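Engineer: output the structure for:
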Amino acid sequence: MKVDRLDAAIIEMFTDEPGVGVLECSRRLKVARATVQGRLDRLYAGGVITGIVPQLSPAALGFPVVAFCSVEIAQGIGHGVVFEAIGQIPEILEMHTVSGPSDLLVKIVGRSTTDLQRVLDALSQAPGVARTSSVIALETHIENRNLPLLKAAADS
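Structural biologist: Numbers count the residues shown, from 1 in each chain. Below you'll find the predicted structure:
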């Protein structure tokens, strides 16, 4: 879907200030309220905006350790069984099917490295999981970054 600079400005405002209303957004951007609402409706319908939800900080919730784990699925078991089992582990924040030597890449958090080991054990024991390999993130530099991509799309 094509986005322009006004779309980007609207999304950026709602990203920076999730509580801002449509009327206030229209005032700040100097466009009609109906324009902002119409743009939001179009962006939702087009799938550019998939929801407006609070962004949680796992570290602030007591889960400061982040790891990424490659998962190989046992042949013949099927992804569905594995997805269902892994999806029950609350410390798994993301799961992606990937190309390469593994089948899945998951992002995991833990309260400590000991707690992370507990989560990795649960993951490796899930039905259909043949092998796992993990790395611990020492520091996060960029996370959930979408606005630069949005601005590049709006400028093209």
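
Engineer: in a strand, residue 132, correct?
Structural biologist: Yes - checked against DSSP: H, G, I helix; E, B strand; the rest coil, residue 132 lies within a strand.

Engineer: I figured it was touching residue 121, is that so?
Structural biologist: No - using C-beta atoms under 8 Å, residue 132 makes no contact with residue 121, being 9.6 Å away. C-beta here means a position set from N, CA and C on the backbone, and glycine is covered the same way.

Engineer: can you tell me how far residue 125 sits from residue 21?
Structural biologist: Distance of residue 125 to residue 21, given as C-beta to C-beta, to the nearest Å: 48 Å.

Engineer: quick one, which of residue 132 and residue 121 is more surrounded?
Structural biologist: Taking neighbours as other C-beta atoms under 10 Å, residue 132 and residue 121 compare with residue 132 leading, 18 against 10.

Engineer: list the contacts for that one?
Structural biologist: Contacts for residue 132 (C-beta atoms under 8 Å, 6 or more residues apart in numbering) come out as 69, 70, 71, 72, 120, 123, 124.

Engineer: mind putting those into CSV with pLDDT, secondary structure and distance to residue 14?
Structural biologist: Output for the contacts of residue 132, formatted as CSV (pLDDT from 0 to 100; DSSP: H, G, I helix; E, B strand; the rest coil; distance: C-beta to C-beta, whole Å):
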residue, pLDDT, secondary structure, distance to residue 14
69, 98, strand, 33
70, 97, strand, 35
71, 96, strand, 35
72, 95, strand, 40
120, 97, helix, 37
123, 96, helix, 35
124, 95, helix, 40
